[in-house]
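Chemist: Show me how the following folds:
(one chain, ligands or ions: 2)
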Amino acid sequence: MNFKKSEKLYQKGLTHLVGAVNSPVRAFSSVGGNPLFIKKAKGSKIYDVDGNEYVDLVVSYGPMILGHRHKAVEKAAKKALKKGYSFGASTEAEIKLAKIVCDAFPEMDKVRFVNSGTEAVLSGIRLARAYTGKDKIIKFSGCYHGHQDALLVAAGSGLATLSLPGSKGVPEGAVKNTLIAEYNNLESVKKHFEEHDDIAGVIIEPIGGNMGVVIPQNNFLKKLKEYLQSKGALLIADEVMTGFRSTFGGAQEKLGVVADITCLGKVIGGGFPVGAYGARNEIMENVAPLGGMYQAGTLSGNPIAMAGGISTLTELKKQNPYDKFQEIGSILEVILLESAKKYNVDVVVNRFGSMMNPFFTKNKVTNFKEAQASDTEKFAVFFWEMIKNGVFLPPSQFEAWFLNSAISDKDIKIIAHATDKAMLAVSKI
Ligand SMILES: Cc1ncc(COP(=O)(O)O)c(C=O)c1O
Ligand SMILES: NCC(=O)CCC(=O)O
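Modeler: Ligands and ions are numbered 1, 2, ... in the order given. Take a look at the predicted model:
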């Protein structure tokens, strides 16, 4: 396996692109080496420009839940393309996707489409403030909610990978209403309520996916919702990663919790740029043109993106792959753990349905601090051995791996073989 063409493109890309990437998570900062350049993808596989083939466990950081270029999605997008790309006016497709989305969440009467998860969350936060008339928002350390100013503190994803406590260029004023709590620690939330009476709500990834996978323990989410209700504050579920992935109704359905505002992205567009935020009528009626909270978008509800979303969600409903994800996920979990045991490597595997990852640590991982105790050098060695043996992973200890419904038994064998080689390599450092 060689990466010569990727290497060449990387050098070329450095001239006019920052770090030759358009999102820092794509840089190989924490694993060393240079990013791979992709030529194409199909089904469960992704191919780089040097012709190397990989089983893809990144799937564009989540959206490609049916695998790449699913027939139904490709057909729908091509059909939409022929009718025009953007109109700046309403289409029937928006109504169709809105119904599919609202039907999936019990208390979602209305939804507004935007173009990314970042936009979905920044709008959801604005809505919580507009509805409650309060300014403060609690977020959990290690959770990532896109790159809006107010939430770029103690964030996961690329900030965790690059060990950044926050972002330069964010004025103090932009984060003065952001309070930080610890995941799985209700007391840390209560403490803020004891000190402040102007908290609009709490935003949470119902399954943490941006510090690696972190799962709520002991009904944490249910208890959080009950507590917030008693305080008249809103629960804002950032289901950008988990929506239509944990199951069709998202992590909320799996965990038996209903949020006041739900933010969506990734799978909802099936690889096209779509985000959304939704809630019950009483909340959504605050959004313009019905109410005074302004939020807009030239390309929002884009017809190609809507077609991608409708076809992806319709196919997902038909396939209902969630039991299969559970099955494949538990097989991969066993593969990772047995291989770690064989080579005497300390590994903890966290998994929730089709989201999982190993942490190179001895102790359980239930919050950001525990995730940060992982050995990132070991992860870097593991990552490159997986790549060399045909498995494409996110280049960070703090990112989730995602399953897709095109993964085959043969792919699982490739992953098992690569894992064995990778754990052996880790055991030698
Ligand atoms: C939970 C969560 N929220 C928000 C975002 C932001 O979405 P986007 O990258 O589409 O702006 C992401 C991923 O990036 C995410 O994982
Ligand atoms: N977990 C990381 C993401 O989901 C974001 C991807 C990106 O920012 O490119």
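
Chemist: contacts and neighbour counts: CA atoms only from here.
Modeler: Fine.

Chemist: Show me which residues of stretch 246-266 are buried.
Modeler: 246-253, 255, 257-266 (16 or more other CA atoms under 10 Å).

Chemist: Helices of the stretch 1-150 of the chain, residue ranges please.
Modeler: For the stretch 1-150 of the chain, the helices defined by DSSP state H, counting those that start in this stretch cover 4-16, 71-81, 92-104, 117-132.

Chemist: Mean neighbour count for these - can I get that in TSV?
Modeler: Converted to TSV, the helices of the stretch 1-150 of the chain look like this (neighbours: other CA atoms under 10 Å):
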stretch	mean neighbour count
helix 4-16	14
helix 71-81	16
helix 92-104	18
helix 117-132	23
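
Chemist: and of the ones you listed, who's closest to ligand 1?
Modeler: Ligand 1 lies closest to helix 117-132 among the helices of the stretch 1-150 of the chain, at 3.2 Å (CA to the nearest ligand atom).

Chemist: Can you name every helix or strand that that closest one contacts?
Modeler: Contacts defined by 3 or more CA pairs under 8 Å, 6 or more residues apart in numbering; DSSP states H and E place helix 117-132 against strand 199-204, strand 234-238, strand 261-264, strand 275-279, helix 281-284.

Chemist: Could you spell out the sheet neighbours of the third one, each with its direction?
Modeler: To tie it back to what came earlier, the one meant is strand 261-264. Strand 261-264 has these partner strands in its sheet, going by DSSP bridges: strand 234-238 (parallel), strand 275-279 (antiparallel).

Chemist: centre of the chain versus the last one, how much separation?
Modeler: Strand 275-279 has its C-alpha centroid displaced from the chain centroid by 15 Å (CA atoms, centre = their mean, to the nearest Å).

Chemist: Go through stretch 357-373 and flag the buried ones.
Modeler: For stretch 357-373, the neighbour count (16+ other CA under 10 Å) marks Asn357, Pro358, Phe359, Phe360, Thr361, Val365, Thr366, Asn367, Phe368, Ala371, Gln372 as buried.

Chemist: Which members of those residues are positioned in helices?
Modeler: Phe368, Ala371, Gln372 (DSSP state H).

Chemist: tell me how far the ends of stretch 56-73 are from each other?
Modeler: End-to-end distance of stretch 56-73 (CA to CA, to the nearest Å): 18 Å.

Chemist: Gly329 is in contact with Val349, isn't it?
Modeler: No: counting by CA atoms under 8 Å, Gly329 does not reach Val349; the two are 10.7 Å apart.

Chemist: For ligand 2, tell me which of the ones in helices among the buried residues of stretch 357-373 show up nearby.
Modeler: Counting by CA under 6 Å from any ligand atom, nothing from those sits close to ligand 2.

Chemist: mind listing what Thr91 touches?
Modeler: Pro303 (CA atoms under 8 Å, 6 or more residues apart in numbering).

Chemist: Which pLDDT value belongs to Gly158?
Modeler: As predicted, Gly158 sits at a pLDDT of 89.

Chemist: what about stretch 115-132 and ligand 2, touching?
Modeler: No: counting by CA under 6 Å from any ligand atom, ligand 2 is not contacted by stretch 115-132; separation bottoms out at 8.9 Å.

Chemist: One more: stretch 3-20?
Modeler: No: using CA under 6 Å from any ligand atom, stretch 3-20 never reaches ligand 2; the gap is at least 13.3 Å.

Chemist: Against which helices or strands is the biggest helix by length in the chain packed?
Modeler: Under DSSP H, the helix in the chain containing the largest number of residues is helix 322-342. Packing partners of helix 322-342 (3+ CA pairs under 8 Å, 6+ apart): strand 348-352, strand 355-359, helix 409-427.

Chemist: Return the set of buried residues in that helix.
Modeler: Here helix 322-342 shows 322, 324-326, 328-330, 332-333, 335-340 as buried, counting by 16+ other CA under 10 Å.

Chemist: What residues does the stretch 301-429 of the chain have near ligand 2?
Modeler: Checking the stretch 301-429 of the chain against ligand 2 by CA under 6 Å from any ligand atom, the hits are Glu399.

Chemist: ok, now with 8 Å
Modeler: Contacts of the stretch 301-429 of the chain with ligand 2, taken as CA under 8 Å from any ligand atom, map to Phe398, Glu399, Ala400.

Chemist: Include distance to Glu92 when you put those residues into JSON lines, please.
Modeler: JSON lines is the format used below for those (distance: CA to CA, whole Å):
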{"residue": "Phe398", "distance to Glu92": "40"}
{"residue": "Glu399", "distance to Glu92": "36"}
{"residue": "Ala400", "distance to Glu92": "35"}
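
Chemist: can the helices of the stretch 1-150 of the chain go into CSV with extra columns for mean pLDDT and distance to ligand 1?
Modeler: Formatted as CSV, these follow (pLDDT from 0 to 100; distance: least, CA to the nearest ligand atom, whole Å):
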stretch, mean pLDDT, distance to ligand 1
helix 4-16, 98, 21
helix 71-81, 98, 19
helix 92-104, 98, 17
helix 117-132, 98, 3
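
Chemist: of all the ones you listed, which lies closest to Ile310?
Modeler: Closest to Ile310 of those is helix 92-104 (CA to CA; 5.4 Å).

Chemist: Thr298 - how many residues pack around it?
Modeler: Residues within reach of Thr298, counting by other CA atoms under 10 Å, total 12.

Chemist: What sits closest to it if chain neighbours are left out?
Modeler: With CA to CA, 6 or more residues apart in numbering as the measure, Gly88 is the residue that lies nearest to Thr298, at 6.4 Å, once sequence neighbours are left out.

Chemist: before we move on, what about Asn302?
Modeler: Asn302 sits nearest to Ser86 (CA to CA, 6+ apart), 5.8 Å away.

Chemist: and the one you found, how many neighbours?
Modeler: 17.

Chemist: Let me know whether it touches Leu299 as I believe.
Modeler: Yes: the criterion here is CA under 8 Å, and Ser86 meets it with Leu299 at 6.8 Å.
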